[in-house]
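J.: Generate a structure from the sequence data that follows.
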Amino acid sequence: MKFRKLQVLGLAGALVLGTAVSGKAMEAEKAPEAKKPSIHLGLNAKFFFKHIGKMGKTTKIGFSNDYDHAQNVFYADEIKVEAEGEITKNIGFFGELEASAEETEIGEAGINWEFYPGIQVRLGKQRVPFMRYQITDEYTDLIPTIPGRYVGSLETPNIDPYEIIEGNPYTVAPYGDGRVDAGAVIHGALADGMVRYNIGIFNEKEAYKGFEYTARIDFTPTMLGFKPEEAEVNGHVKDTYLGKKKVLNIGLAYDQEKDEANDITRKGYTFDIFYEQKFNIWVPNFQFAYVNLKDSHYSTKSNKGLDSKAWYVQGQLLYDEVIGVGKPALALRYDSIDSDESGKVSKIGIALNYYIGEKAKASAGVDFISYDDEAKTKLTNANCEDSLTNFYLYFQVKF
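T.: Alright, predicted model coming up:
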């Protein structure tokens, strides 16, 4: 069995290399029964206007920027050019070039090979299948200011919890706001989608001596009429299906990675639930997620590994009738991070969404952010406010 797995990974790696060297050669060698290769090109874009609340009480507060005044800023959060398609009926590919205010890079890219019913292998820079947050397409987020990240914008950041809260569970992956890493995932669906699984191996973040391991299983009670989520070729699921699918998904996952510098091993556990169903003209959506990381960060004070945890609850009520050119919805979320010897940060988010078909969305929202425990003390000592209120207008397109 071990030798067969090595064969599978070796062949998939050869496919990736062959595609990079010569797309025409790959097309010429496709299996006789394969259908004609296909490709979809797309452009995704996010635009913000934010009013970012005053954080500093003086002009110099000991952090990277000055925050003694409120900030008003227009900016493009990110622009993505993407491509995905099929080389044969069993081999798919995906890739995206992502540009932000800071840099342009390959956001995600890889190849997916289905070599047996219920067994597929995806290789590349891709979503880590641990938290549901990580595998969710960010262009379907109910609230565009994502959990676990409280910066005002990439151009004019507020006090960033990455500087205050250590062991943030939302940063277990190094790319894409903690969502993306490079590696390989064996995945598939069983019993007509009732059970879906992902088993992944990824780069270790620091010294690259070892690997990060993750495993996730999702269950949908199809016997009750719920439809399984069918992950896209890149492994994404959605934050909302806009009432087009009756969904109840329960997820459990485990993640492990060694911190070589401090000789501790982070072990993570997560549970999440997703529900959405249409009732007449209303589409309620409810989600809950909890993650606990053991030895998520190291304490020089106590010379040992410390823990952190995070959770969020969110939902949306969509009015499934067109008013003007789109459909309105009200979304709410509460999320919280609590880190040993580092403090706590929480956020209440409220957004009024306006869905223009499935390809565009406008939002108006507000976030109320507060810091407690050690984080509050650190901010107070730096002559900072321990709470923050941000308002925003947001527009996205995806086609």
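J.: Just give me the residue closest to the centre of this structure.
T.: residue 134 (3.1 Å; Cα atoms, centre = their mean).
J.: what helices or strands is the host helix or strand of it leaning on?
T.: Element membership for residue 134, per DSSP states H and E: helix 132-135. Where contact means 3 or more Cβ pairs under 8 Å, 6 or more residues apart in numbering; DSSP states H and E, helix 132-135 is packed against strand 264-276, strand 282-299. Bear in mind the C-beta positions are built from the backbone N, C-alpha and C, glycine included.
J.: who touches that helix?
T.: Contacts to helix 132-135, defined as Cβ atoms under 8 Å, 6 or more residues apart in numbering, come from residues 127-129, 146-148, 170, 172-173, 178-179, 231, 235-237, 251, 270, 272, 274, 287, 289.
J.: Just the strands from the stretch 1-150 of the chain, written as ranges.
T.: Using DSSP state E, counting those that start in this stretch, the strands of the stretch 1-150 of the chain run over 38-52, 71-86, 91-100, 104-116, 119-127.
J.: Tell me which of those strands is the most buried.
T.: Of all the strands of the stretch 1-150 of the chain, strand 119-127 has the most neighbours on average by mean count of other Cβ atoms under 10 Å, namely a mean of 23.
J.: bridging residues for residue 86?
T.: residue 38, residue 92 (DSSP bridges).
J.: give the contact list for it.
T.: Contacts of residue 86 (Cβ under 8 Å, 6+ apart): 35, 37, 38, 92, 93.
J.: before we move on, what about residue 84?
T.: Listed by Cβ under 8 Å, 6+ apart, the contact set of residue 84 reads 39, 40, 42, 92, 93, 94, 95, 232, 233, 234.
J.: and the gap between it and residue 132?
T.: Using Cβ to Cβ, to the nearest Å, residue 84 is found at 21 Å from residue 132.
J.: So residue 378: helix, strand or coil?
T.: Secondary structure assignment for residue 378 (DSSP: H, G, I helix; E, B strand; the rest coil): helix.
J.: how near is the closest residue in space to it that isn't next to it in sequence to residue 300?
T.: For residue 378, ignoring the flanking residues on the chain, the nearest one in space by Cβ to Cβ, 6 or more residues apart in numbering is residue 164 at 5.9 Å. Taking Cβ to Cβ as the measure, residue 164 falls 16 Å from residue 300.
J.: quick one: which of those two has more around it?
T.: Higher neighbour count among residue 164 and residue 300: residue 164, with 22 against 8, using other Cβ atoms under 10 Å.
J.: any idea of the pLDDT on the more buried one?
T.: Residue 164 is assigned 74 on the pLDDT scale.
J.: correct me, but it touches residue 377?
T.: No - the criterion here is Cβ atoms under 8 Å, and residue 164 misses it with residue 377 at 10.2 Å.
J.: and for these two, which residues touch both?
T.: With Cβ under 8 Å, 6+ apart as the test, residue 164 and residue 377 both reach residue 343.
J.: Please enumerate the strands of the stretch 251-399 of the chain.
T.: Counting by DSSP E, counting those that start in this stretch, the strands of the stretch 251-399 of the chain are 264-276, 282-299, 304-319, 327-339, 343-356, 360-372, 387-398.
J.: In JSON lines: those strands, plus mean pLDDT.
T.: JSON lines is the format used below for the strands of the stretch 251-399 of the chain (pLDDT from 0 to 100):
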{"stretch": "strand 264-276", "mean pLDDT": "97"}
{"stretch": "strand 282-299", "mean pLDDT": "96"}
{"stretch": "strand 304-319", "mean pLDDT": "96"}
{"stretch": "strand 327-339", "mean pLDDT": "96"}
{"stretch": "strand 343-356", "mean pLDDT": "94"}
{"stretch": "strand 360-372", "mean pLDDT": "93"}
{"stretch": "strand 387-398", "mean pLDDT": "91"}
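J.: Include distance to residue 194 and mean neighbour count when you put the ones you listed into JSON lines, please.
T.: Shown next, in JSON lines, are those (distance: least, Cβ to Cβ, whole Å; neighbours: other Cβ atoms under 10 Å):
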{"stretch": "strand 264-276", "distance to residue 194": "15", "mean neighbour count": "19"}
{"stretch": "strand 282-299", "distance to residue 194": "20", "mean neighbour count": "19"}
{"stretch": "strand 304-319", "distance to residue 194": "25", "mean neighbour count": "19"}
{"stretch": "strand 327-339", "distance to residue 194": "29", "mean neighbour count": "20"}
{"stretch": "strand 343-356", "distance to residue 194": "29", "mean neighbour count": "20"}
{"stretch": "strand 360-372", "distance to residue 194": "31", "mean neighbour count": "19"}
{"stretch": "strand 387-398", "distance to residue 194": "30", "mean neighbour count": "18"}
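J.: so which of those gets nearest residue 76?
T.: Checking these against residue 76 by Cβ to Cβ gives strand 387-398 as the closest, at 10.2 Å.
J.: In the sheet, which strands lie alongside the closest one, parallel or antiparallel?
T.: Strand 387-398 is paired, per DSSP bridges, with strand 38-52 (antiparallel), strand 360-372 (antiparallel).
J.: JSON lines for those strands, including distance to residue 255?
T.: Formatted as JSON lines, the strands paired with strand 387-398 follow (distance: least, Cβ to Cβ, whole Å):
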{"stretch": "strand 38-52", "distance to residue 255": "27"}
{"stretch": "strand 360-372", "distance to residue 255": "26"}
